[in-house]
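>>> pasting the structure only:
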């Protein structure tokens, strides 16, 4: 072969390998996106099961709304926010690639990345909105919920992602934030946003007695909730897969630090197990045990790439031990009626995860910013807390004043399905004696 | 390094990259196949939930049959049909690769493609058969259903696929059909086949009163149906992934036009969301909202590769707005008792998707045939309608005459589970008061 | 380009392709791991549905334990066993890579394999433990179960895997064992371990009458069980994908023989279908039909790589025909109360699969050992039977003597949920008349 032909063949090979890498990255995030739909199937089962039968479909429809309405909202607004605001509140030039008329936002044969990244982020957004939806079941109005979900999912969290889960985000470039698994922008923000909403929304009728004592309001179908939570765990492989950048060469974290999917695998499983065992030890309750799987994922998420696996287990185990107790404090002391414990699981779990990385990953170098530090992690955590809480509280206050936040008393007692859903979860003719005895509920 | 060695190493690299591409394609379609099993888990949940409790297992067993029996049938017949009939009714030579004794149909170490493509197509076939199974629940005989499922899944639709979802299919080479997401051969064919069956099968006892007025027959477990439908949405990432050809270089549509998985991701999500929102706006019904997810996927499917995402949203939104109304027309005016609305969702949804591509993708060039055109899309759509309807109607008529189509009146009133299934969905000793009140059903 | 530059570019390409292969392998096993979580969601649904309502959560919590506790146990012990014992009972040097302080057991940027392989194996381990969990429901103590699950999942089966599902395992190097799909170390071992436990555990109260005649004890929610089993089928694509080695060039079986994922796809589907149809023909029972899907996967598993697909169908069909009858023999003749038939499905199914490969794959060459032979398969099968049965029997006998094996009579009659779980599956206020009629159960 003459040298020129050889050179041509080498160049062809280089181009082919580069293209193969793009295509394989597309395939990887395609599956991430698909598995995150399992998170939605899971949330749907989990939250319907955690509702009383009279509210099951009204709970479920919120999950469907959190998915359906977020997609166009994230297309028109969310992705632009992510690209625009890494430096704070001033939109940068990169945002123009996220505008609906940008070449990147269409079926562009020369762009094998934008669509698939947008899709994965959109599922992140829908997940974030679904975190809130469980807490507010059984008394929120669908209209108010839809507005809250849109603002949280297409606005608030993605601003947080731009700040702290982006290679140029200011939390990283200024304070060295390390949060590869999105514990801050997704879980902390969603948890504290939810807390803000719950303060204005108030507890379900019957949750607290006039003397301040507590009634347990049990969901109608715990097996369905457990299955749903296990589907969420499966889906978290899509979520966490979506947290690592496929380059074909080494994997990179969102901060461009080198990583391996192998490390993610070690620490995801050890984290899930640690959280489950922690909650099991403290409660013996299978609902909390599966919530502990989420606590575990969240607790270890910020440094999935660098933890020694038994350390991830321990951090998540501690989270699993403490979070159920913190949820008790929220309920008994602060009278916050969080129907599924999402504030504690996601909000406090995210806080713990971020702080733990400040303790155990301190000193790890970043590419665009100072090394990981305890102070940087704590400061960043506080930013996420405020970023979530303030709009959640403020917007729900406005909705409350507008009468869009809470269902009326009669609807709530009769069951929201009757008021807001044209079909029945379990039709009377099939199940009358079983599921129609709501009036006897001690919670009312 | 001397030039000969360098040349050898370049040749080795070329072979290695070619092989890596084959292997990565195999892995990609393996996951497509796996996720399409989620479609079956989903259909199972969806259709059992949409049945009254007395028919739940008889409905579910049909989904199991549609899966199990289709696999060998598609091995022995279906794949051969696909390869044989792109030109119409005359078998071509390529069919020989699909014969059971062909080297391609075994564990051939030199063939990393045939088995995995066959597997993905087999799951398409089972999906097609499952589309019918929901509509005919609560009165069809298992024997008759099995025959119908085999003919639809291993015969009718795959002939349609050979004609219109194949690089050399005559609908494309002659009329320029563009239907990358298989809205025609899968959804339109299955929907109209089902319509043909429903005409001969007749409505469930109690669905219509003697004066022609209508009774609603509610399924016994809507939460289960909703979860099932969300699993189907997840599975559609397997289905639509199976609609794009992995070459390692650019992706190709089934018509060998270039495409990206990124565009598929944009339009799949925007289509799902559009269909859901359209149905929600028109009905507020979560069952229809999730059916709208299917309407959305189907409406945008034909041009997933080239739509501008907001256009996919709009097309699917329109589909979502209209399809529930068309289902009402079918039921109230034509007295077609479609238990889950599959004729409207899949049949009419497919028609709308094909026509919409004729409007919005007109002029897009094909590789082996004229450009996409409104007329070509409409003609192709009519072919799919006829191809589905005629055998569905004719075969069900024969089965009706043979007494194999419909369960007897007593079995239907008592519940098909009692007549056709040796176990109970919800055993009496556990649930007697809840699910045994069938006699009181207003539908009978 | 001068020759030196060309050479550099070729070397760069070689390194890049090698790295891309590592990364793609990581991605492949990441999805295997994720889909195996679906096996757990499936087992959870399947086993809760197969329990009476009063035991639903006590059954489910065992699945959660089998998952959560196995993860750290497999990190600290299981993986070391696998690497250490291919030659029998003497630990080899390779085991040092599995020690918790080995560089391979952490987030090592130079190791893109260990973490992800460990993760896939960990899910195999949890699956193995879950096989047992269904059989022992409704009377085992959670404490005893946890110990049994840990020993089976982090000890017994993985020793079997080291012996017979490892390139250097002595069953292969000495006897030519071929069992690519892990029918021996996973299914046979788990099935016979379970048999040993069941002998000591004894039947549920009410299962047998004083005269030796049999009462059927039906699970409370068959639709949930069927959906769960279909999720397990989906998850088996993760399991079987985890049985093939991704090299980027040709795929290898665990024995380093060449294979294709295409052959796996052919035979997985044909096996599933054969098993389902076999069980359906013999029983017409949808629960057994879906158990037949597992029978089918297991029957064909040992030679998924080399069977002619219709042969896989036949082998699995035969398995499907026979296994339900063998389960009847176990119950009626030997009074073994296996609540879900796991001994027959997994234990006897594994035996049949191993023997069938001795008949139909005899003579197929191995890389490190003699060719596949009938005798070699039978001997290896016997090893797996003994390896499973002896510790299962012995350990459960010890637990029985220690009073940790079986719940007390009053708890069993009242329902284990009341005794062992702090929450209720279906709270009384919602479902009282439906699920609280346990006392009327003919099984007590």
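Happy to help now that I have it. What you see is a predicted model; the values in this text were computed from it and never measured.
>>> is the longest helix seen in chain A up against chain B anywhere?
When chain A is parsed with DSSP state H, its longest helix is helix A:3-49. Yes: contact of helix A:3-49 with chain B is found when judged by C-beta under 8 Å from any C-beta of the partner chain, involving A:3, A:6, A:9-10, A:13, A:16-17, A:19-20, A:23-24, A:26-27, A:29-31, A:33-35, A:37-38, A:40-41, A:44-45, A:48-49. Glycine gets a C-beta too; all of them are placed from N, C-alpha and C.
>>> Alongside chain C, which residues does the stretch 51-200 of chain A contribute?
Near chain C, when you scan the stretch 51-200 of chain A using C-beta under 8 Å from any C-beta, you find A:52, A:53.
>>> What's the end-to-end length of stretch A:126-143?
17 Å (C-alpha to C-alpha, to the nearest Å).
>>> Tell me which residue of the stretch 151-300 of chain A lies closest to chain B.
With C-beta to the nearest C-beta, the shortest gap between the stretch 151-300 of chain A and chain B falls at residue A:224, namely 6.7 Å.
>>> Can you tell me the element that residue falls in?
Element membership of residue A:224, judged by DSSP states H and E, is helix A:222-241.
>>> host element of the residue nearest the centre of chain A?
When C-alpha atoms, centre = their mean is applied to chain A, the residue found nearest the centroid is residue A:128 (3.6 Å). Using DSSP H and E, residue A:128 maps to helix A:114-135.
>>> Kindly report the same for residue A:189.
Applying DSSP H and E, one finds residue A:189 within helix A:189-201.
>>> pLDDT of that helix, averaged?
Averaging pLDDT along helix A:189-201 yields 98.
>>> now stretch A:401-415, how far from the centre of its chain.
27 Å (C-alpha atoms, centre = their mean, to the nearest Å).
>>> Quick check: residues of the stretch 151-300 of chain A near chain B?
A:221, A:224, A:228.
>>> What is the burial count for the last one?
Each residue near residue A:228 was counted by other C-beta atoms under 10 Å in any protein chain shown, and the total is 27.
>>> Could you do the first one as well?
Number of residues near residue A:221 (other C-beta under 10 Å) recorded here: 32.
>>> Contacts only, for residue A:302.
A:178, A:179, A:180, A:181, A:183, A:184, A:353, A:354, A:356, A:357, A:361, A:377 (C-beta atoms under 8 Å, 6 or more residues apart in numbering or on different chains).
>>> Just the buried ones from those residues?
By neighbour count, with 16 or more other C-beta atoms under 10 Å in any protein chain shown, the contacts of residue A:302 hold A:178, A:179, A:180, A:181, A:183, A:184, A:353, A:354, A:356, A:357, A:361, A:377 as buried.
>>> Now do the second one against residue A:160, distance only.
The gap separating residue A:179 from residue A:160 is 10 Å, by C-beta to C-beta, to the nearest Å.
>>> what's the overlap in contacts for these two?
Common contacts of residue A:179 and residue A:160 (C-beta under 8 Å, 6+ apart): residue A:185.
>>> Show the average pLDDT along stretch A:156-166.
98.
>>> Not counting that stretch itself, show me its contacts.
By C-beta under 8 Å, 6+ apart, the list of residues contacting stretch A:156-166 from outside reads A:74, A:78-79, A:81-86, A:88, A:121, A:124-125, A:128, A:169-172, A:177, A:179, A:182, A:184-186, A:189-190, A:193, A:254, A:380, A:383-384, A:387-388, A:391-392.
>>> And the strands in chain A, which stretches?
A:244-245, A:251-253, A:258-259 (DSSP state E).
>>> what's the closest of those to chain C?
Comparing the strands of chain A by C-beta to the nearest C-beta, strand A:258-259 comes nearest, at 5.5 Å.
>>> which other helices and strands contact that closest one?
strand A:251-253 (3 or more C-beta pairs under 8 Å, 6 or more residues apart in numbering or on different chains; DSSP states H and E).
>>> Run me through the strand neighbours of the strand it packs on, direction for each.
Strand A:251-253 sits in its sheet next to strand A:244-245 (antiparallel), strand A:258-259 (antiparallel), going by DSSP bridges.
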